[in-house]
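Novice: I would like the atomic coordinates for the input below:
(one chain, ligands or ions: 3)
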Amino acid sequence: MSRGTQDLVFLLAIALLAICSQNSQAHVTLENGVKSKVYLSPKITQHPGSVSNKFYYDIEFPKGHIAIKSFNAEVVDEEGNPVSLQETYLHHWVAERYYQRKGIKSPKYNSNIGSHQSDFLVAGNAGVCNIESGLSQFFGLGSETRKTSTHVPDPYGIEVGNPLEVPAGYEEKWVLNVHAIDTRGVVDPIGCTECRCNLYNVTKDEYGQPLDPNYLGGLYCCYDETQCKVKNGVESVKRNLYMKYTVEWVDWSDSIIPVKIYIFDVTDTWQNTGIHDCSIEFDVEHSITNDYTNTRRSNASFPISGDVVYGVAHLHSGGIGSALYGEDGRVICSSRAIYGEGNEAGDEAGYIVGMTTCYPNPGSMKIAKGEVLTLESNYSSQKNHIGVMGLFYILVAESSTTLDSPVQIHQESKVPIFFWGVAMFGLAIFAAVVVAYRRQRQSKDGYQFIAT
Ligand SMILES: *[C@@H]1O[C@H](CO)[C@@H](O)[C@H](O)[C@H]1NC(C)=O
Ligand SMILES: *[C@@H]1O[C@H](CO)[C@@H](O)[C@H](O)[C@H]1NC(C)=O
Ligand SMILES: *[C@@H]1O[C@H](CO)[C@@H](O)[C@H](O)[C@H]1NC(C)=O
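Specialist: Ligands and ions are numbered 1, 2, ... in the order given. Take a look at the predicted model:
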């Protein structure tokens, strides 16, 4: 090769590299057959007290028919350094799969795609809350994200990108929702993270509808672009952050046993209503006795029979622990909150920096089809807490899915896709539908605060 050709090849290689690595930080790395890649979300611009709660459609994600082995995420600054929860509180992030009609442009951030519903189909998890509840994500955590394992043990994996599952004329894509609250210089950091309406000076929701005066706080008061109260004289310094997410996966093969994702919510009304209406948030009242544990429970009947391979709870500050019990009272998984003790990112005092997880020995923790499970969620009630959550994720390998019957796997997975297909597009309506639904309820019987 001549010198000129070499230079040209080099230039082309650099150009190619630049194109391929647009947002993501590194290329695919391979270890023991497990591929791994680090990605960055679009830029999140914040200033003291500001809230960013955006939906990033069509994010970068591994391509092809694969099994996800882990999905880890954290907030970083422009230099890639982890950002402390004491500066930017990560209320939650969720990643959800959807199918988009080919040739349709991806929606921008928070755009309302209500009138284009058939162009976007939710390809959500396996249950148990109804789709209006907005809990159809595959992955999602909050402040605990840095110290919570998301690893799916061998020989299991979360199957995605199976071309046979994508409806004709559609493509599989992923949407990322990041809800981050900048608490630098605010008058009441915990109040801001609990989204107390008075601190946000919010009396109307995102859509301009008045909130019930009894609604003290929660997601309706800290929507995108709201502002929490800062101390006098705090300078408004802007800064740019990113959500860094790392995905590990293996190429799909018949030796992988697929697992389904189930999310339980302690506000699920199934035991009283027969439907899985999950309102996600609830309040914990200050205890007037000496017992400072607030315990809340909900029941849900499980739709399949299978083996639990992983479990974890999601709680907010004040949370102690949570457990999922079988109908016979056995503990399916118990998950405890880990609090930070210092100032560094990953160890912030007063914040939940991790949740313990469960990895039962393969085949040792079974759930029967139709078994009524009980979710228990404990919060400290030494102080009152507003807008907290009690969720529980489990991964289940269905008993009837054996290695030699791949045909059956596809048939089974067609049912939920058809179901989601006729339903609405989940994440964008996460707020919209829940708001509408609650408003409906509100007008019927006033805001429902289920007494704890
Ligand atoms: C609170 O909001 C009202 C309008 O909704 C506005 O008039 C008032 O100035 C706001 N107060 C603060 C402190 O921002
Ligand atoms: C919740 O609190 C109750 C009462 O203190 C206790 O019996 C139960 O074991 C706790 N559950 C979890 C999961 O921590
Ligand atoms: C929930 O399930 C448990 C165990 O099956 C049962 O003892 C309890 O009564 C149920 N609670 C409600 C409210 O149905």
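
Novice: Ligand 3 versus the nearest residue to C195 once chain neighbours are set aside, what's the distance?
Specialist: Leaving out its chain neighbours, the residue that sits closest to C195 by Cβ to Cβ, 6 or more residues apart in numbering is C222, at 3.7 Å. Bear in mind the C-beta positions are built from the backbone N, C-alpha and C, glycine included. Taking Cβ to the nearest ligand atom, to the nearest Å as the measure, C222 falls 31 Å from ligand 3.

Novice: Number of residues surrounding C222?
Specialist: Look at C222: counted by other Cβ atoms under 10 Å, it has 25 neighbours.

Novice: Please list the residues of the stretch 1-150 of the chain that sit near ligand 3.
Specialist: With the criterion set to Cβ under 6 Å from any ligand atom, the stretch 1-150 of the chain never comes near ligand 3.

Novice: Could you list the low-confidence segments of the stretch 1-150 of the chain?
Specialist: Scanning the stretch 1-150 of the chain with the threshold set as pLDDT under 70 gives 1-26, 110-116.

Novice: Look at the closest residue to ligand 2 within the stretch 1-150 of the chain and tell me its secondary structure.
Specialist: Nearest residue of the stretch 1-150 of the chain to ligand 2 (Cβ to the nearest ligand atom) works out as E144 at 15.7 Å. Taking DSSP: H, G, I helix; E, B strand; the rest coil as the rule, one finds E144 in the helix state.

Novice: Report the separation between it and D307.
Specialist: As judged by Cβ to Cβ, to the nearest Å, E144 and D307 stand 25 Å apart.

Novice: Over to G80?
Specialist: Counting by Cβ to Cβ - G80 and D307 are separated by 39 Å.

Novice: Which one's more surrounded, those two?
Specialist: A side-by-side neighbour count of G80 and D307, using other Cβ under 10 Å, places D307 first with 20 against 11.

Novice: Quick check: what element follows the helix or strand that contains that one along the chain?
Specialist: Following DSSP states H and E, one finds D307 within strand 306-315. The helix or strand immediately downstream of strand 306-315 is strand 319-325, counting by DSSP H and E.

Novice: Sheet partners, orientation included, of that next one?
Specialist: Strand 319-325 has the following strand partners under DSSP bridges: strand 331-339 (antiparallel), strand 372-380 (antiparallel).

Novice: So which of those strands is the most surrounded?
Specialist: strand 372-380 (a mean of 21; mean count of other Cβ atoms under 10 Å).

Novice: That strand near ligand 3 anywhere?
Specialist: Yes: contact of strand 372-380 with ligand 3 (Cβ under 6 Å from any ligand atom) involves V372, T374.

Novice: what is the orientation angle of that strand with strand 306-315?
Specialist: 20 degrees (axes from the mean of the first three to the mean of the last three Cα atoms, to 10 degrees).

Novice: pLDDT on strand 372-380, on average?
Specialist: Across strand 372-380, the average pLDDT comes to 98.

Novice: Just the residues contacting that strand, thanks.
Specialist: Here strand 372-380 makes contact (Cβ atoms under 8 Å, 6 or more residues apart in numbering) with 264-266, 268, 284, 292-302, 313, 315, 318-327, 332, 367, 385, 388, 390, 392.

Novice: can you check stretch 159-174 too?
Specialist: 57-59, 61-68, 95-102, 106, 121, 123, 138, 252, 256, 258, 410, 413-414, 417, 421.

Novice: Enumerate the positions of it that are buried.
Specialist: Under the neighbour-count criterion of 16 or more other Cβ atoms under 10 Å, stretch 159-174 has E159, V160, G161, N162, E165, P167, Y170, E172, K173, W174 buried.

Novice: Quickly list what the residue most central in space within the chain is bridged to.
Specialist: By Cα atoms, centre = their mean, the mean C-alpha position of the chain lies nearest to G140, the distance being 2.2 Å. Here G140 sits in beta bridges with V94, going by DSSP bridges.

Novice: For it, give me its contacts.
Specialist: G140 is in contact with H92, W93, V94, A95, H314, counting by Cβ under 8 Å, 6+ apart.

Novice: Nearest to ligand 3 among those residues?
Specialist: H314 (21.0 Å).

Novice: bridging residues for the closest one?
Specialist: Beta-bridge partners, per DSSP bridges, of H314: L391.

Novice: Tell me the confidence at it?
Specialist: 97.

Novice: One more: Y262?
Specialist: Y262 carries a pLDDT value of 97.

Novice: quick one: which helix or strand includes it?
Specialist: For Y262, the host element (DSSP H and E) is strand 260-265.

Novice: Name the residues that touch that strand?
Specialist: So strand 260-265 is contacted by 125-129, 133, 135, 137-138, 158, 278-280, 298, 300, 302, 304, 306, 324, 373, 375, 389-398 (Cβ under 8 Å, 6+ apart).

Novice: Mind doing that once more with 6 Å?
Specialist: The contact list for strand 260-265 (Cβ atoms under 6 Å, 6 or more residues apart in numbering) reads 125-129, 135, 138, 278, 300, 375, 391-394, 396.

Novice: ok, so of those, who is nearest V230?
Specialist: L391 (30.4 Å; Cβ to Cβ).

Novice: List the contacts of the closest one.
Specialist: The contact partners of L391, by Cβ under 6 Å, 6+ apart, come to I263, D265, H314.

Novice: I'd like the distance between it and ligand 3.
Specialist: 18 Å.

Novice: Tell me the helices and strands packed up against the strand holding D307.
Specialist: Helices and strands touching strand 306-315, by 3 or more Cβ pairs under 6 Å, 6 or more residues apart in numbering; DSSP states H and E, are strand 331-339, strand 385-398.

Novice: Next one: that strand, is it in contact with ligand 2?
Specialist: No: using Cβ under 6 Å from any ligand atom, strand 306-315 stays clear of ligand 2, coming no nearer than 8.3 Å.

Novice: what distance separates that strand from the centre of its chain?
Specialist: Between the centre of strand 306-315 and the centre of its chain there are 14 Å (Cα atoms, centre = their mean, to the nearest Å).

Novice: Can you give the contact residues for it?
Specialist: Contacts of strand 306-315 (Cβ under 6 Å, 6+ apart): 156, 259, 322, 332-333, 335, 337, 355, 357-358, 360, 363, 365-366, 389, 391-399.

Novice: Among those residues, name the buried ones.
Specialist: Counted by 16+ other Cβ under 10 Å, the contacts of strand 306-315 give 156, 259, 322, 332-333, 335, 337, 355, 357-358, 360, 365-366, 389, 391-398 as buried.

Novice: can I get the helices and strands packed on strand 306-315 in JSON lines with distance to E31 and mean pLDDT?
Specialist: Below are the helices and strands packed on strand 306-315 laid out as JSON lines (distance: least, Cβ to Cβ, whole Å; pLDDT from 0 to 100):
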{"stretch": "strand 331-339", "distance to E31": "27", "mean pLDDT": "98"}
{"stretch": "strand 385-398", "distance to E31": "22", "mean pLDDT": "97"}
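
Novice: Is it possible to get CSV of those strands that adds distance to G191?
Specialist: Formatted as CSV, those follow (distance: least, Cβ to Cβ, whole Å):
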stretch, distance to G191
strand 331-339, 18
strand 385-398, 8
